[in-house]
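**Q** Generate a structure from the sequence data that follows.
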Amino acid sequence: MNTPTIQPAQRLQLVQEYYFSRKLKEVARLNAQGRDIINLAIGSPDYPPSPRTIETLCAVAQQPTIHGYQPTSGIPELRQAMARFYKRWFQVDLDPAQEIQPLIGSKEGILHITLTFVNPGEKVLVPNPGYPAYTALSRMLGAEVVHYNLLPEDDWQPDFAALEAMDTTDVRLLWVNYPNMPTGAPAQHRTFERLACFARERGIVVVNDNPYSFILNDERLSLLQIPDAKDCCIELNSMSKSHNMPGWRVGMLATNARFVEWILKVKSNIDSGTFRALQLAAVTAFDNDDAWHELHNRTLYARRRKLAEAIMHALGCTYAAHQVGMFLWGRIPDSIDQVETLTERVLHEARVFITPGFIFGSNGSRHIRISLCADEEKLQEALTRIQSVFQPR
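**A** So this is what the prediction gives:
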């Protein structure tokens, strides 16, 4: 009897398994062999949320009546807390009932927004370098990805002359991410002004992915600070980085009421609401005091950043000192033929896992990224190991 051959959907030919998913399997195998790899690749905060946040989760979870399904639109208390968050830190007024949509982490917002605005065959503008999910999800949904350049000579800001010269007839979305990952380039008010203007003039939705504005950042900027930006722009935000809650999966999007209504139509057919105890714990986290943020978003990362800079020096890499966020982005020496030559040597000889920049696009092919999400003891040990391998000859 011949068994019919089962094949996956054709969309799987358009993407690969996520780099970190593949590479972490290799790291796990090395650790199983006793190699003790130090992971400086992933941006997962290693401190817990505030104690009050955890206390709220535990207390509410013990209530017998809160374990049912929750509204996909999020409970009112959470939407109100998100509106307070935007008013407190960004001076942006949002209607919690109509202009905010809680998400199960902002990454899912990339999917929902693309499904809402982009038909198969239409185009999406994605930064190079940029977060790989912008490209992968767009391709899986049948969109055509058009990359636009971010370059160091422009401080990794968009080249608006190049954007304005494009034929954007079939472009529906433009993805931006400031403060920028992977480059650490700070957000600029002027960039946001020009993006909002570009969106209005071209009839394109601009989406700013904004999870890094708290980490080592003096000035917190939002695309929605630009007058009337809500008419044509969306901003994603997340509690993962700013509140040490990556595994909790609490994010949000903010925009005009019509866009929220459209996106909710998509989201409500894909998932259900987040556990009520978790939503109320997030409400508590949004009300963390300034001292908590000063310690966890600045003081701790500032100490770690100095060690990451020392690692860059040990590897002969150069970097921009004004970077923000929880990574350090550096250019490899000209003497090295390609970035993976360096990162593989660091992994297998120094036993430290760092990220090669090519995974973010061709404009990252001469760069590496070091995560600050490891304590000072591990960072110091990583520095010692790397110095022992890359010591001057």
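**Q** Just the C-alphas of stretch 295-313, formatted as CSV.
**A** What follows is stretch 295-313, C-alpha atoms only, in CSV (Å, rounded to 0.1, in the frame of the first residue of the first chain):
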residue,chain,number,x,y,z
LEU,A,295,17.5,50.7,39.6
HIS,A,296,16.3,48.1,37.1
ASN,A,297,16.3,50.0,33.9
ARG,A,298,19.4,52.2,34.4
THR,A,299,21.7,51.4,37.3
LEU,A,300,22.0,47.6,36.8
TYR,A,301,22.4,47.9,33.0
ALA,A,302,24.9,50.7,33.3
ARG,A,303,27.3,48.5,35.3
ARG,A,304,26.8,45.7,32.8
ARG,A,305,27.3,48.0,29.9
LYS,A,306,30.9,48.8,31.0
LEU,A,307,31.7,45.1,30.9
ALA,A,308,30.1,44.6,27.5
GLU,A,309,32.2,47.5,26.2
ALA,A,310,35.3,45.8,27.6
ILE,A,311,34.3,42.6,25.7
MET,A,312,34.0,44.7,22.5
HIS,A,313,37.5,46.1,23.1
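**Q** got a list of contacts for it?
**A** Applying Cβ atoms under 8 Å, 6 or more residues apart in numbering, the external contacts of stretch 295-313 come out as 40, 45, 47, 214-217, 242, 244, 318-319, 326, 328, 330, 370, 372, 374-376, 379-380, 382-383, 386. No exception for glycine: its C-beta is placed from N, CA and C like everyone else's.
**Q** residue contacts, Val118?
**A** Applying Cβ under 8 Å, 6+ apart, the residues near Val118 are 124, 138, 141, 143, 172-173.
**Q** Which ones among these map onto helices?
**A** Residues of these located in helices (DSSP state H): Ser138.
**Q** Between the contacts of Val118, which sits nearest Trp89?
**A** Checking the contacts of Val118 against Trp89 by Cβ to Cβ gives Leu173 as the nearest, at 25.6 Å.
**Q** ok, the closest one - contacts?
**A** Per Cβ under 8 Å, 6+ apart, neighbours of Leu173: 113-114, 117-118, 124-125, 204-207.
**Q** Can you show me the strands along this protein?
**A** When secondary structure is read from DSSP state E, the chain shows strands at 38-39, 100-103, 123-128, 144-149, 171-176, 205-209, 233-238, 251-254, 318-319, 327-331, 352-353, 355-356, 367-371.
**Q** could you dump those to CSV with mean pLDDT?
**A** Formatted as CSV, those follow (pLDDT from 0 to 100):
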stretch, mean pLDDT
strand 38-39, 96
strand 100-103, 97
strand 123-128, 98
strand 144-149, 97
strand 171-176, 98
strand 205-209, 98
strand 233-238, 98
strand 251-254, 97
strand 318-319, 97
strand 327-331, 97
strand 352-353, 96
strand 355-356, 96
strand 367-371, 98
